[in-house]
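Novice: with the sequence up front, the predicted model follows.
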Amino acid sequence: MSFPAASHTAPTLAIFCKVVDNYGDIGICWRLARQLWREHEVRVTLWVDDLVSFRRICPAVDVAAEAQQVDGVLVRHWRSQEGSFAPGEVADIVIEFFAVDIPPGYVEAMARRTPRPVWFNLEGLTAEEWVEGCHRLPSMHPRLKLTKHFFFPGFTAQTGGLLHEAGLGQERAAFQGDRAAMAAFLGRFGVDAAEMDALKVSLFCYPHAPVDALLRSWAEGGRPVTCLVPEGVAPASVEAFLGAGARAGSTATRGALTLRVLPFVPQPDYDRLLWACDLNFVRGEDSFVRAQWAGRPFVWHIYPQDEGLHHKKLRAFLGRYAASEHGELDALARFSLAWNGAIDIDSMAAAWADLQAALPRIAIRAEEWRDDMLAHGDLTTNLLEFARALRLAAENPV
Ligand code: TRH
């Protein structure tokens, strides 16, 4: 249970993560935790409320363990808000993910600790402009002598950037440059040699996406399509297409479309899936970002929010990614808006035909965008630099 000895005074860091009803939040926190340890030797404690969901993206997790070491990270089962903590148990840097409520006993201990920890609220990703004004803003605790700072991921230099591991680009380029490796990887899911020449599409979306219409367009289209869909995604549409229950390994071909159901794969394999496909349908936050690093065309299904707020966020992203100066990307913008129910379209087949025709141009944009995003540095390094600056400022008050 003890940490590997750190050779220097790397800080300790605690992340508090609630899984809510999907995998995205733990997906992001787990990625962040691993990178902090691997690349910065930060000793991380990841508090997480739902180990069963965690295990789906990281099979090494023991769902019965109160505390366990996984990939250099101390994972603790966050069971309740109860309990008291000693100041010595508090990390140098404390991150609440998405404004979760940290246990009050832990917050009290933060206030009693010397020096007080650097405290961040790591927010959700949005392309909206207001984020630049709120990134790094402080917020005083109403009662205790503690200040929390907002940290926003984002797509511009005035935000915290995006999570990106060192070496990811080289790994991706090597994989995408090796057709045999991609064929072997996809072969694990039953994709055969002939399908390697089809348009390979991965499909990850929320249940309300118009999947039936899209599958029909692919089946009736002129170009062979192989669609790879993780188990449990769009189950009604997938089962209707298969004409049977959908399990990992289920497959059917109708017209030009072969559909294959995949197991829910561990996170590193999900990256490979995105790298190996010609087009990726992604959702939420983490798969959305991973699709951007894949450098391949993607369609985003945004997490639905009240009062259509998600449509505003979707338009803000499309405004950056598929802006009018990239007029050739209109097909992508239109398809994405329709996929998310932000506009009505007469025909999915026509929207798909337009998108398919634009794929070569979108592929160029995907690489361009990836390079632009990398220029902002990576979120983990940006966050640590900000923590260091805050610590320095606290030690040397003006
Ligand atoms: O699970 P999501 O819908 O997450 C969402 C978002 O994070 C959203 O912002 C949040 O508010 C909401 O949950 C509650 O989609 P997302 O973000 O893409 O996360 C999925 C994770 O699962 C991501 O880390 C990739 C991973 N994954 C695998 O590891 N294997 C797989 O086979 C698949 C399909 C996904």
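Specialist: Nice, thanks for sending it over.

Novice: for this protein, which residues are neighbours of the ligand?
Specialist: 20-25, 27, 57, 124, 204, 230, 264-267, 270, 283-288, 303 (CB under 6 Å from any ligand atom). All C-beta atoms are positioned from the backbone trio N, CA, C, and that covers glycine.

Novice: now these: which count as buried?
Specialist: Using 16 or more other CB atoms under 10 Å as the burial test, the residues of the chain next to the ligand include 23-25, 27, 57, 124, 204, 230, 265, 267, 270, 283-288 as buried.

Novice: how many neighbouring residues does the nearest residue to residue 14 once chain neighbours are set aside have?
Specialist: In this structure, residue 14 finds its nearest non-sequential neighbour in residue 91, 4.0 Å apart by CB to CB, 6 or more residues apart in numbering. Neighbouring residues of residue 91 were enumerated by other CB atoms under 10 Å; the total is 21.

Novice: confirm that residue 91 sits in a helix.
Specialist: No: Residue 91 is assigned coil when assessed by DSSP: H, G, I helix; E, B strand; the rest coil, not a helix.

Novice: for residue 352, see how far away it is.
Specialist: Relative to residue 352, residue 91 is positioned 49 Å away (CB to CB, to the nearest Å).

Novice: could you do residue 218 as well?
Specialist: For residue 218, the distance to residue 352 - CB to CB - is 7 Å.

Novice: give me the more crowded residue out of the two.
Specialist: Taking other CB under 10 Å, residue 218 and residue 352 do not tie; residue 218 has more neighbours (26 against 21).

Novice: list the contacts of the residue positioned nearest the centre of the chain.
Specialist: Centroid check for the chain by CA atoms, centre = their mean gives residue 286 as the closest residue, at 0.5 Å. Residue 286 sits next to 23, 24, 27, 28, 31, 163 when contact means CB atoms under 8 Å, 6 or more residues apart in numbering.

Novice: how close does the last one sit to residue 133?
Specialist: Between residue 163 and residue 133 the distance, using CB to CB, works out to 22 Å.

Novice: what's across from residue 282 in the sheet?
Specialist: For residue 282, the beta-bridge partners are residue 300 (DSSP bridges).

Novice: going forward can the numbers begin at 14, since that is how I track them
Specialist: Sure, I'll start numbering at 14, so the last one becomes residue 295.

Novice: tell me the SS of the nearest residue to residue 341 once chain neighbours are set aside?
Specialist: Nearest non-adjacent residue to residue 341, counting by CB to CB, 6+ apart: residue 374, 4.5 Å away. Taking three-state DSSP as the rule, one finds residue 374 in the helix state.

Novice: so residue 374 sits against residue 340, correct?
Specialist: No: applying CB atoms under 8 Å as the test, residue 374 and residue 340 come out as separate, 9.8 Å apart.

Novice: look at those two and report which has more neighbours.
Specialist: Remark: of residue 374 and residue 340, residue 374 carries more neighbours, 16 against 10, as counted by other CB under 10 Å.

Novice: perfect, I'm done here.
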